[in-house]
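>>> A structural model of the following input is requested.
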Amino acid sequence: MTSTKAHVPAARPSAVHAPAIAVLIVAGGGVALALAALAAAGLQSGGAFIAAFDGVMGRAVRFTLWQAALSTVLSVVPALLVARALHAHPAFPGRGLLLRLFALPLALPALIAALGLLALLGRNGLLADGLTALTGARWPGIYGLEGILIAHVFFNLPLAARFFLVALEAVPANQWRNARQLGLPPLALFRLVEWPALRAAMPGVALMVFLLCATSFTLVLILGGGPQATTIEVAVYQALRFDFDPARAAALALLQLAAAITLGVLVARVPMPVTPFGATRHTRARPSMGETLMHATALGLAAVLVAAPVLAVLLRGATAPLRTLLADPAVINAALTSLAVALSAALLAVGAAVALLSARTPMIMMLAAAGGGGVLFAASPVVLGAGWFLALRPLVDPFEAAPFIVVFANALLALPFALRLLAPGWRASQLRHDRLAASLGLAGWRRLTIVEGRALARPLVAALMLAGLLSLGDLGVIALFGSDAVQTLPALLHARLGSYRTDDAAGLAFLLTLGCLVLLWLADRFSDGALR
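Next comes the predicted model:
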């Protein structure tokens, strides 16, 4: 008597791996092309490349490092207070709303934040008259280092606070219980329980914030106010668009890339706080009235910092000539271009993420993680755009290729975020359905649509919304490749602002902010709060 076993068809590895390999080749080839073009421009220019390392470059390097260091300190230190306040009060009314508010800077375009700060603190901002009366002199606005620092704190304080909150949540529950039983006073609790966890997270968080500030482009472009407040990335943009000096642009871009990759490697090597399985938030002693008052003050100030610029954009834009703008052919074309770019980039980014996750090969996943967390994180849109601009110039008119380059760049830079949103649910789906799918012979596209497509419908929609949001407000690549024929809403807004059409700029910022808020709400809703 013989026994038979059900035949389980195996998926063909090549059919599963081919799309992932194609994604890696295209993404890696795009980055390699940009780097090769920058290196070639430097080699071909000879002495001009060496001459670019002059006092002007030195001033840009010094300002880049100085503003990044100041921004890091001003973001990280208050973030410690905000994280402690959030951890000490895990269930106060409005906590969920506050966390949603703190998620806003993570997805809000830098251009909107810059305009919001100008609407508040600019020379003609909402608070200008009050500040003039307070200081006794005409309020000059916040252009220069001060404006850049405030904008960086707006973006990075909530981000750093989220990481520090995770570090506090990772403290073992028995330490909180012991501290409560011993009746440790607030200073002793901070020194013995909280500070060791926060200190361990500090290097990774500080390095990450420093890298983000050192590679900031839009904020410095809008708020810099002159050559004395120029970073390396802004200098790259100026060298290509205004001076058309390929040698200087290549030297600056390669220097920026080398520094960013070095910082990116350090960020990757320094452990970041991660909430362990089974962590609890409700085991510490209830804070005293004085502590509660301090915590409320920290949270209130942080909430005002985040909410005020967004509200200023909405209030300022609501009084703008919106009807006239909505009938303007240039605005209509820019809006349609922005929607087309955002949709195309989102579909490409999510499709690439799905291809990489479907491969399930350790080598492919390692390369994807390296690309998403390393080169793609360190290589800014301006640096990549400068390389592609120099590579395309001998072949075609770079401005004619603008739509394709902008879509590709935005998809490439949104890919790490799509991977982060999809990976947890994808792994869970594989563990739950692998055996059943294999027994039914489901593989490739059929498995993707029948199994993962249904199980991960909500994360897929959230990834599409987030990738579209990141693309909708981007100014980095379009600033290099944009022209009168190809303009997105951010590019048109920047152009109107540069020509002192402030009412138009306010109205465009209002429309762009509304679109971004809708996409962020949809992404948060379909991600089940993963963005918070």
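
>>> And the next helix or strand past the helix or strand hosting residue 297?
Mapping residue 297 onto the secondary structure by DSSP states H and E places it in helix 289-318. Toward the C-terminus, helix 289-318 is succeeded by helix 322-326 as the next helix or strand (DSSP H and E).

>>> Now that following helix: buried residues?
Along helix 322-326, the positions that meet the burial threshold by neighbour count (16 or more other C-beta atoms under 10 Å) are 322, 325. All C-beta atoms are positioned from the backbone trio N, CA, C, and that covers glycine.

>>> I'd like the average pLDDT over that helix.
When pLDDT is averaged over helix 322-326, the result is 88.

>>> Point out the other helices and strands that that helix packs with.
The criterion is 3 or more C-beta pairs under 8 Å, 6 or more residues apart in numbering; DSSP states H and E, and the helices and strands that helix 322-326 contacts are helix 502-526.

>>> quick revisit: for the helix holding residue 297, list every residue counted as buried.
Neighbour-count burial for helix 289-318, counted by 16+ other C-beta under 10 Å, picks out 291, 294-295, 298-299, 302-303, 305-306, 308-310, 312-314, 316-317.

>>> Same check on stretch 124-143?
Of the residues in stretch 124-143, those buried under the neighbour-count criterion (16+ other C-beta under 10 Å) are 125, 128, 131, 139, 141, 142, 143.

>>> And the contacts of that stretch?
117-123, 147, 150, 223-226, 229, 312, 315-316, 502 (C-beta atoms under 8 Å, 6 or more residues apart in numbering).

>>> run the last query once more with 7 Å
With C-beta atoms under 7 Å, 6 or more residues apart in numbering as the test, stretch 124-143 has contacts from 117, 118, 119, 120, 121, 122, 123, 150, 223, 225, 312.

>>> right, and the fourth one touches residue 311 too?
Meaning residue 120. No: the criterion here is C-beta atoms under 7 Å, and residue 120 misses it with residue 311 at 8.8 Å.

>>> Quick one: end-to-end length of stretch 311-330, please.
26 Å (C-alpha to C-alpha, to the nearest Å).

>>> chain center to it, what's the gap?
Averaging C-alpha positions (C-alpha atoms, centre = their mean, to the nearest Å) puts stretch 311-330 26 Å from its chain's average.

>>> swap in stretch 110-121?
If you compare the mean C-alpha spot of stretch 110-121 with that of the full chain, they lie 17 Å apart, counting by C-alpha atoms, centre = their mean.

>>> ok, now stretch 330-347?
In this view, stretch 330-347 has its centroid 19 Å away from the chain centroid, taken as C-alpha atoms, centre = their mean.

>>> quick one: low-confidence parts of the chain?
Along the chain, the model assigns pLDDT under 70 to residues 1-16, 225, 268, 271-285, 360-379, 426, 428-434, 436-438, 440-455, 527-532.

>>> what about the closest residue in space to residue 270 that isn't next to it in sequence, distance to residue 76?
Counting by C-beta to C-beta, 6 or more residues apart in numbering, the nearest residue to residue 270 once its immediate chain neighbours are dropped is residue 204, at 4.1 Å. Taken as C-beta to C-beta, to the nearest Å, the spacing of residue 204 relative to residue 76 amounts to 11 Å.

>>> any idea which element the residue nearest to residue 270 lies in?
Going by DSSP H and E, residue 204 is part of helix 195-214.

>>> In that helix, which residues are buried?
By neighbour count, with 16+ other C-beta under 10 Å as the criterion, the buried positions of helix 195-214 are 197-198, 201-202, 204-214.

>>> can you check stretch 145-152 too?
Using 16+ other C-beta under 10 Å as the test for burial, stretch 145-152 gives 145, 147, 148, 149, 150, 151, 152.

>>> where does that stretch sit relative to the chain's centre, distance-wise?
A distance of 17 Å separates the C-alpha centroid of stretch 145-152 from that of its chain, computed with C-alpha atoms, centre = their mean.

>>> Same check on stretch 398-411?
19 Å.

>>> Next: stretch 223-240.
In terms of C-alpha atoms, centre = their mean, the centre of stretch 223-240 is found 20 Å from the chain centre.

>>> Any chance you could list what contacts it?
The contact list for stretch 223-240 (C-beta under 7 Å, 6+ apart) reads 60-61, 63-64, 114, 142-145, 147-148, 151, 215-217, 220-221, 245, 248-249, 252-253, 255-256, 380, 382-383, 386, 389, 479-480.
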